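Visitor: Give me coordinates for this.
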Amino acid sequence: MRNDRCTPERELPDAASVPAAGDAEAVGAKAPKNRVFERFRVKDVVFISVMAAASMVTAAVMPLVAAVYIFGLPQIVTGLQFSLFPAIALMKTRKPGALLLFSVITGLIQLAMSPVMGVVSMTCGVALEGLTLLLFRGYKKDRAVFFASALYIPASLPVFYVYYAFIAGEVHAYVLNARVNPLPVILICLAVAALCALGAALGIKIARELKKSGVLKN
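Guide: The predicted model follows:
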């Protein structure tokens, strides 16, 4: 039997309201969020490890001056290396946690030589990583790289002083000499800060040139 009832016609969408094929992703996808934390790739960890190893190798002269009980003198001979190589590492791996990873790697190596050095290195890494996140939200800007790498070694000076003065069990010769004749210690600390600022600036400049030549890639 013939069905005379009419089925309602389905309305076709207006052609102007149908997205083009190329716009499908734009319709379905949300705008990417500006994430602060990014996942480290294997090559990021490898590069930071290489920079940490380079810092340790070039700072091998430090034990030669460690027996000279002048506060800040070991930082004088390691300041340039430990600001230049971290700056290069941060310029390539501009991800939060990069300096912390650098400090953990160097700190683990230093633990075998001097537990105090290893703990201080990682403590400074944690503190500066937090400050950089708070002030710059990472290392996307060159000034954030300069801030973190230039202060990495100078930040260890007050930590070492507190340890030698209050935690070591007896007042260390470093602290005694600093109290008896503070002027040389003040000058050395200023020299450490200046040397680290120079190293950080050189590291940033070297990284820029390596990126221009295509040697250093993100």
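Visitor: And the helix or strand where A53 lies, what's buried?
Guide: Per DSSP states H and E, A53 falls inside helix 42-58. Using 16 or more other Cβ atoms under 10 Å as the test for burial, helix 42-58 gives 44, 47-48, 51-52, 55-56, 58. Placement of C-beta: from N, CA and C, glycine included.
Visitor: so what does the longest helix seen in the chain touch, helix or strand wise?
Guide: As assigned by DSSP state H, the longest helix anywhere in the chain is helix 182-212. Counting contacts by 3 or more Cβ pairs under 8 Å, 6 or more residues apart in numbering; DSSP states H and E, helix 182-212 packs against helix 73-78, helix 81-92, helix 142-151.
Visitor: Take those and write them to a markdown table, including mean pLDDT and distance to S114.
Guide: Formatted as a markdown table, the helices and strands packed on helix 182-212 follow (pLDDT from 0 to 100; distance: least, Cβ to Cβ, whole Å):
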| stretch | mean pLDDT | distance to S114 |
| --- | --- | --- |
| helix 73-78 | 90 | 10 |
| helix 81-92 | 96 | 15 |
| helix 142-151 | 97 | 21 |
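Visitor: among the ones you listed, which is nearest C196?
Guide: helix 81-92 (4.1 Å; Cβ to Cβ).
Visitor: follow-up on the earlier one: got a list of contacts for the helix holding A53?
Guide: For helix 42-58, contacts defined as Cβ atoms under 8 Å, 6 or more residues apart in numbering pick out 78, 81-82, 85-86, 88-89, 92-93, 95, 98, 101-102, 105-106, 109-110.
Visitor: same deal with stretch 100-116?
Guide: 40, 45, 48-49, 51-53, 55-56, 63, 82, 86, 89, 117-119, 121-122, 124-126, 129, 152, 160, 163.
Visitor: got the helices and strands packed on helix 182-212 as a markdown table, with mean neighbour count and distance to V175 columns?
Guide: Below are the helices and strands packed on helix 182-212 laid out as a markdown table (neighbours: other Cβ atoms under 10 Å; distance: least, Cβ to Cβ, whole Å):
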| stretch | mean neighbour count | distance to V175 |
| --- | --- | --- |
| helix 73-78 | 21 | 14 |
| helix 81-92 | 26 | 23 |
| helix 142-151 | 22 | 22 |
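Visitor: Contacts only, for P63.
Guide: Contacts of P63 by Cβ under 8 Å, 6+ apart are M113.
Visitor: Quickly find the element holding it.
Guide: Per DSSP H and E: helix 62-66 holds P63.
Visitor: Pull out the buried residues from that helix.
Guide: Buried, per 16+ other Cβ under 10 Å, within helix 62-66: M62.
Visitor: what about that helix, distance to the chain center?
Guide: Here helix 62-66 shows a centroid-to-chain-centroid distance of 26 Å under the convention Cα atoms, centre = their mean, to the nearest Å.
Visitor: Can I get it in CSV, CA atoms only?
Guide: Extracted C-alpha coordinates of helix 62-66, given in CSV (Å, rounded to 0.1, in the frame of the first residue of the first chain):
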residue,chain,number,x,y,z
MET,A,62,90.3,24.4,42.0
PRO,A,63,91.9,21.8,44.4
LEU,A,64,95.2,23.6,44.0
VAL,A,65,93.9,26.7,45.7
ALA,A,66,91.5,25.0,48.1
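Visitor: Show me the residue at the heart of this structure, geometrically.
Guide: L99 (2.4 Å; Cα atoms, centre = their mean).
Visitor: picking up where we left off before, how about the helices and strands packed on helix 182-212, which one is nearest A168?
Guide: Nearest to A168, of these and by Cβ to Cβ, is helix 73-78 at 15.5 Å.
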